[in-house]
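**Student:** this is a predicted model, with the sequence first.
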Protein chains: 2
Amino acid sequence: MHNRDVLISEVGPRDGLQSIKRTMPTEAKLAWIAALARSGLAEIEVGSFVSPKLLPQMADAAEVVQGALAIGGFCVAALAPNLKGAERAIAAGAQKISIPVSASRLHSLSNINMSPEQAVEQVAAIVALRDGLAEPCPEVEAGISTAFGCTMEGQIDEAWVLRLAEMLAEAGADSINLADTTGMGNPAQVRRLFKGLRLAVGRKAGGAHFHNTRGQGLANAVAALDAGVTTFDSSLGGLGGCPYAPGATGNIVTEDLVFLLEGMGLRTGVDLDRLVLAREALLDGLPGETLYGHLHAVGYPKGFVLPAGEPR
Amino acid sequence: MHNRDVLISEVGPRDGLQSIKRTMPTEAKLAWIAALARSGLAEIEVGSFVSPKLLPQMADAAEVVQGALAIGGFCVAALAPNLKGAERAIAAGAQKISIPVSASRLHSLSNINMSPEQAVEQVAAIVALRDGLAEPCPEVEAGISTAFGCTMEGQIDEAWVLRLAEMLAEAGADSINLADTTGMGNPAQVRRLFKGLRLAVGRKAGGAHFHNTRGQGLANAVAALDAGVTTFDSSLGGLGGCPYAPGATGNIVTEDLVFLLEGMGLRTGVDLDRLVLAREALLDGLPGETLYGHLHAVGYPKGFVLPAGEPR
């Protein structure tokens, strides 16, 4: 991570694709991931090792991980909801495993049929699995989902979110992210929780995962920056969203986020021109899909100067 | 301004309407303004006293000001580009006059055929006119347009923007706003310039006027809040935008801004339900017009609690 102030973790191939009904063919996923990699993105979450019965869009996760490793030049991350998924991710060669742990008890039970405490035990088991490997490679990241609110429970107690972060740190997770899974967070809350996260788990305080459901995604990102966050999840074109609510976009838009950060003088190591070009590869794989974002349509401001890009 | 932390100045009937080709009939404007007023908005910029040859959409500005005064309950603001416009605004009964002064010399010359220095002289003349009235009523606000960049000149020197603010304060303007006319600003720049504005003109430091051209409007608003800004221009549904660039929206969206602020625990005095309802009155006057925003489509998060609203 040389000459970079902020790390962007592109999650479109995982969070974006799992949020839409259509399945992108494996070859198209890899062509899109290759286009993303050409922009200099240092981390891409390429798939999810969940049951293919639950998410047929992710049935080819192992193949995509292997294809992504063959492309190379970036950290190949994958989501795993449990030990079994982590075993598959490790077998495929994932370099980083993200494990979602929901702060909302109702969401956790309905989503993965485990309580938050049971999910923490899964993280401990996955860390033990990793530590027992001949080459203990993959980084284990725990992401606290619904950390800023839950569509089932509503508001989530902030002290409980931070207690859960401590439990995850004690379970051995390398880093703990906070995720606004449903786009309910606001900048004041974001500042409080990320400051609290740093107090709770120190150097294990991880990145921010925001959705732009109510248009507040980039505002929340700026608040997170204030609180010392230097890693952000986002998806190209904001892929995802909710088919039932026309205004509900998916993750924050990678190209708009990179533009925001670079405009602020923060180096992301991402070549914005190539990043915007990757929208074409995405649409090749999902013709006609609704994408979001502003920069691709409007272009750079006159006289806009990008900080020196990452040598690639 | 009791029980309010942030003042929202709705500029849709001026900035929104002048940015689209169609002309909203006067009666429809007043029905929309009445709907906006019912939401508790404390200030509405209802029109612009420019030459009707340049902006036929604003030809009825005097009638709209008078109709707005009859509705009552909010500060009736209007834009005037020069002394002649200010005379018309005062004659109509405007309670606040906003005068745009462009930091970009090229923009100023092409837009109002005056240099920035000549525009400052206009502000001085308007203040003298106001001060000479039997009842020196209207507040005089100068808005520095293109303060964050110009589509003609590109980057604008920040020291010059602040010098211009000082000149406007010396010319007698009651407050000096900074406007990101073309949506080129970023949060770091916003923080610097608004902090600088406060150092330069003290209590005359005014509000922020952001466009969401590149999706950064609310992020810039959060940065401005950090710098002590408590007044924001915005337009319902983000009315405006640019017909040539599909992703280029207009002003920041009032309802999303109010939701953001109230979520942060800041009181705006605006009833969000009634504000969202005002979109209907807007669309009644401009059937089929493209509007923006997220909250109206997605709704409140479960368990969302608004701070106690302004009694109306």
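**Tutor:** That came in fine, so what should we check first?
**Student:** what is the mean pLDDT for the strand or helix carrying residue A:9?
**Tutor:** Using DSSP states H and E, residue A:9 sits within strand A:7-10. Strand A:7-10 carries an average pLDDT of 98.
**Student:** so what strands line up beside that strand?
**Tutor:** Strand pairing for strand A:7-10, using DSSP bridges, gives strand A:43-48 (parallel), strand A:231-234 (parallel).
**Student:** got the residues of the stretch 201-312 of chain A near chain B?
**Tutor:** A:212-216, A:218-219, A:221-223, A:226, A:242, A:245-249, A:253, A:256, A:259-260, A:263-265, A:293-299, A:301-305 (C-beta under 8 Å from any C-beta of the partner chain). Every C-beta, even on glycine, is put in place using the N, C-alpha and C of the backbone.
**Student:** can you say which of those residues are buried?
**Tutor:** A:212-216, A:218-219, A:221-223, A:226, A:242, A:247-249, A:253, A:256, A:259-260, A:263-264, A:293-298, A:301, A:304 (16 or more other C-beta atoms under 10 Å in any protein chain shown).
**Student:** now the helices: where do they sit in chain A?
**Tutor:** Assigned by DSSP state H, chain A shows helices spanning A:17-18, A:26-38, A:61-71, A:83-92, A:105-112, A:116-131, A:158-170, A:187-201, A:217-226, A:254-263, A:272-285, A:295-298.
**Student:** now render these as JSON lines, adding mean pLDDT.
**Tutor:** Formatted as JSON lines, those follow (pLDDT from 0 to 100):
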{"stretch": "helix A:17-18", "mean pLDDT": "94"}
{"stretch": "helix A:26-38", "mean pLDDT": "98"}
{"stretch": "helix A:61-71", "mean pLDDT": "98"}
{"stretch": "helix A:83-92", "mean pLDDT": "97"}
{"stretch": "helix A:105-112", "mean pLDDT": "92"}
{"stretch": "helix A:116-131", "mean pLDDT": "97"}
{"stretch": "helix A:158-170", "mean pLDDT": "98"}
{"stretch": "helix A:187-201", "mean pLDDT": "98"}
{"stretch": "helix A:217-226", "mean pLDDT": "98"}
{"stretch": "helix A:254-263", "mean pLDDT": "97"}
{"stretch": "helix A:272-285", "mean pLDDT": "97"}
{"stretch": "helix A:295-298", "mean pLDDT": "92"}
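**Student:** adding distance to residue B:287, write these out as a markdown table.
**Tutor:** Putting those into a markdown table (distance: least, C-beta to C-beta, whole Å) gives the following:
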| stretch | distance to residue B:287 |
| --- | --- |
| helix A:17-18 | 37 |
| helix A:26-38 | 39 |
| helix A:61-71 | 46 |
| helix A:83-92 | 51 |
| helix A:105-112 | 41 |
| helix A:116-131 | 49 |
| helix A:158-170 | 45 |
| helix A:187-201 | 35 |
| helix A:217-226 | 31 |
| helix A:254-263 | 31 |
| helix A:272-285 | 31 |
| helix A:295-298 | 25 |
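**Student:** so which residues on the stretch 51-200 of chain A come close to chain B?
**Tutor:** So far as C-beta under 8 Å from any C-beta goes, the stretch 51-200 of chain A lies against chain B at A:149-155, A:182-184, A:186-189.
**Student:** can you turn the buried part of the residues you listed into a PyMOL selection?
**Tutor:** Buried members of those, defined by 16+ other C-beta under 10 Å, are picked up in PyMOL with:
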select buried, chain A and resi 149+150+151+152+153+155+182+183+184+186+187+188+189
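**Student:** residues contacting the residue in the stretch 201-312 of chain A positioned nearest to chain B?
**Tutor:** Closest contact between the stretch 201-312 of chain A and chain B, by C-beta to the nearest C-beta, is at residue A:303 (2.3 Å). Contact analysis of residue A:303 by C-beta atoms under 8 Å, 6 or more residues apart in numbering or on different chains lists B:149, B:153, B:154, B:155.
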